[in-house]
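Undergrad: would you be able to build a 3D model of this:
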Amino acid sequence: MYYLVYVSKETRPFGRDELYELLEWSRAKNARLGITGILLYKSGRFMQLLEGEREIVETVYAAICTDSRHSGVVTINSGEIELREFPHWSMAFRDMDAYATVPGYSDFMNTELTPDTFSADPTCCQRMLLAYKSLL
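TA: The predicted structure follows:
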């Protein structure tokens, strides 16, 4: 099993309905391909963990990298894992804009998502994504 964590920015604003349509389409596609993971969205920024067979994950990621809806796509971390972290989710999802007023909310997703942001600790995104696992 293989995982990959990336961040990106939208190239144009997504309306809520459009974002949820994309989510439903992606969930169906991922289920067909055997991909699982989680997607966080905050003010035009995406952070996602994909897991599955390496070749399939890399093919899906390559499509994301060339998708005109994404810009600044950066691979944060990837590697082999024994078991899936999100085995029951073709794509778990959290809209972080909805959590901005919750006590303990992290402002992390408001930072500039560039390779420099993660160079000192490339696993920080993965830990953040896994923290949301308990909320599912």
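Undergrad: just the helices in the chain please.
TA: Listed in chain order, the helices of the chain (DSSP state H) span residues 16-33, 54-66, 115-118, 124-131.
Undergrad: minimum distance to residue 4: which of the ones you listed has it?
TA: Of all those, the one in closest proximity to residue 4, counting by C-beta to C-beta, is helix 54-66 (5.4 Å). Where C-beta positions appear, they are placed from N, C-alpha and C, glycine not excepted.
Undergrad: where is the longest strand in the protein?
TA: The single longest strand within the chain, with elements called by DSSP state E, is strand 70-80.
Undergrad: picking up where we left off before, out of the helices of the chain, which one sits most buried?
TA: Comparing those by mean neighbour count (mean count of other C-beta atoms under 10 Å), helix 124-131 comes out on top with a mean of 16.
Undergrad: returning to that earlier point: and the longest strand of the chain with helix 54-66, angle?
TA: Put simply, strand 70-80 runs at 160 degrees to helix 54-66, going by axes from the mean of the first three to the mean of the last three C-alpha atoms, to 10 degrees.
Undergrad: direction included, what does strand 70-80 pair up with?
TA: Here strand 70-80 is paired, per DSSP bridges, with strand 2-10 (antiparallel).
Undergrad: circling back: who wins for proximity to residue 6 among the helices of the chain?
TA: That would be helix 54-66 among the helices of the chain, by C-beta to C-beta, at 6.7 Å.
Undergrad: counting contacts, what elements does the closest one pack onto?
TA: Packing contacts for helix 54-66, counted by 3 or more C-beta pairs under 8 Å, 6 or more residues apart in numbering; DSSP states H and E, involve strand 2-10, helix 16-33, strand 45-52, strand 70-80.
Undergrad: okay, the helices of the chain in TSV with distance to residue 7 and mean pLDDT next?
TA: Supplementary listing: these in TSV, determined by distance: least, C-beta to C-beta, whole Å; pLDDT from 0 to 100:
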stretch	distance to residue 7	mean pLDDT
helix 16-33	16	89
helix 54-66	11	96
helix 115-118	8	63
helix 124-131	7	65
